Structure formats: C-alpha cells, structure tokens
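> fold the following for me, if possible:
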Amino acid sequence: MSDANTNNAVDENRIRQLVHSVRRRAPLDAVVLLDRENDATVAAVLQQLEYELAVRLLSHMATERAETLYSSLDATIGDQ
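Predicted coordinates for the structure are as follows:
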C-alpha cells in the first residue's frame, strides 16, 4: 500500500472513531474532543452526524470556528 493510501485509511479510520465518540458523548465533551482536530477533520465528522447533533455541536464551538465549519458543510449533512 502506498503512503497516500495509508494516510487516507488512517484519516478515514480517525473520522470513524471520532464520529463514534462524538455520538456517545455530551455535546460539550464532544466539542472538547473535536477542538484538538483540524477543521477538515471536524467538517468530515460533522458531515456524518445527524443534522440536529451537528448543529448542536456547532452552537457550543467558538463563533469563528463554528462559522468556518458551518460554511464548509454542504446540504448532505446528516445523509451518511
């Protein structure tokens, strides 16, 4: 497997782990967990969550980051 494929697999695994963890935590705890991640990773996680949960998490984030992440989401949020 090439390094690029390995990195993609790691990223996908990390995103799956984060989605699972976020769904099991209280929103504030989930936001603390996501604060350690870069915006691209957090956006990927939010895309896989239910719409209501994603919006709730965004409401607990710092305004500037929440606005950046919200603008990066597309209409498919929650469709996963």
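> I figured Leu28 hits Ser59, correct?
No: using C-beta atoms under 8 Å as the test, Leu28 is too far from Ser59 to be in contact (10.6 Å). For glycine as for every other residue, the C-beta is placed from the backbone atoms N, C-alpha and C.
> Leu69 contacts Ala40, correct?
No: because the distance of 9.8 Å does not satisfy C-beta under 8 Å, Leu69 is recorded as not touching Ala40.
> just list the residues touching Leu34, thanks.
Leu18, Val22, Val42, Val45, Leu57, Met61 (C-beta atoms under 8 Å, 6 or more residues apart in numbering).
> same list, these, but as JSON lines with secondary structure and neighbour count please.
Listed next are those as JSON lines, based on DSSP: H, G, I helix; E, B strand; the rest coil; neighbours: other C-beta atoms under 10 Å:
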{"residue": "Leu18", "secondary structure": "helix", "neighbour count": "22"}
{"residue": "Val22", "secondary structure": "helix", "neighbour count": "22"}
{"residue": "Val42", "secondary structure": "helix", "neighbour count": "25"}
{"residue": "Val45", "secondary structure": "helix", "neighbour count": "26"}
{"residue": "Leu57", "secondary structure": "helix", "neighbour count": "23"}
{"residue": "Met61", "secondary structure": "coil", "neighbour count": "18"}
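> now stretch 31-47: buried residues?
Buried residues in stretch 31-47, counted by 16 or more other C-beta atoms under 10 Å: Val31, Leu33, Leu34, Val42, Ala43, Ala44, Val45, Leu46, Gln47.
> check the gap between Arg65 and Arg56 for me.
For Arg65, the distance to Arg56 equals 15 Å [C-beta to C-beta, to the nearest Å].
> again but with Asp11, I slipped
Look at Asp11 and Arg56: by C-beta to C-beta, they are 24 Å apart.
> gap between Arg24 and Ala30?
When distance is defined by C-beta to C-beta, Arg24 is 9 Å away from Ala30.
> the two: who's more crowded?
For Arg24 versus Ala30, the count of surrounding residues by other C-beta atoms under 10 Å is larger for Ala30: 21 against 9.
> for the more buried one, which non-adjacent residue is spatially closest?
Counting by C-beta to C-beta, 6 or more residues apart in numbering, the nearest residue to Ala30 once its immediate chain neighbours are dropped is Val22, at 4.3 Å.
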